[in-house]
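> Here is my input, please return the structure:
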Amino acid sequence: MFRYSIVLLAALAGVVAAPVASRPVAAQAATAAPMVHISNFTFGPQALKVKVGQTVTWVNDDDIPHTVASGTKVFKSKVLDTGDTFSFTFTKAGAYAYFCSLHPHMTGKVLVSA
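The predicted model follows:
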């Protein structure tokens with residue numbers, strides 16, 4: 001019985017310790033869609049680095065409406081209620097500052113590289 005318990009525990013430990021995905025964590029992070037969460041009157045992350053051609057999605061996690069508007073009028077969302085999203089694909093390298101037009105003290109930026 002004791003030997004059987006050790007074998008069973010070893011088998012269970014192998015199941016628990018088995019990797020969840022076959023790709024390295026860095027590769028998974030590189031393929032994740034860039035997101036900015038709006039929460040507690042802040043954009044997080046405040047600065048986001050992406051490559052040309054990537055689409056950034058903003059998600060309003062607050063319980064009040066917000067917007068996402070670039071300072072140079074390159075993009076502007078509709079008013080986002082709780083759970084709403086806005087996405088924009090960046091086609092040119094550069095620094096894109098943005099703010100919430102309802103709460104202008106809320107700012108962020110997207111840094112786009114080639």
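> List the residues that contact the residue lying closest to Ala114 once chain neighbours are set aside.
Leaving aside its sequence neighbours, Ala114 sits nearest to Ala93 (CB to CB, 6 or more residues apart in numbering; 4.8 Å). The way it works is simple: take the backbone N, C-alpha and C, and place the C-beta from them, glycine included. By CB atoms under 8 Å, 6 or more residues apart in numbering, the contact set of Ala93 is Val52, Val112, Ser113, Ala114.
> What ranges does this structure have for its strands?
For the chain, applying DSSP state E gives strands covering 35-39, 42-44, 47-51, 55-60, 69-70, 85-89, 94-99, 107-113.
> partners of the residue nearest the centre of the chain in the sheet?
Centroid check for the chain by CA atoms, centre = their mean gives Met35 as the closest residue, at 2.5 Å. On the basis of DSSP bridges, Met35 is bridged to Thr57.
> Also Leu80?
Going by DSSP bridges, Leu80 is paired in beta bridges with His66.
> Tell me, how many residues neighbour it?
21 (other CB atoms under 10 Å).
> Which pLDDT value goes with it?
We have a pLDDT of 98 for Leu80.
> Verify the stated contact: it with Pro65.
Yes - Leu80 lies in contact with Pro65 (CB atoms under 8 Å); the separation is 6.3 Å.
> thinking again about what came up before, give the contact list for the residue nearest to the centre of the chain.
If you count contacts by CB under 8 Å, 6+ apart, Met35 has them with Val56, Thr57, Trp58, Val59.
> Not counting its neighbours along the chain, what's nearest the first one?
Counting by CB to CB, 6+ apart, the nearest residue to Val56 once its immediate chain neighbours are dropped is Pro34, at 4.7 Å.
> who touches that neighbour in this structure?
Leu48, Val50, Gln54, Thr55, Val56, Thr57.
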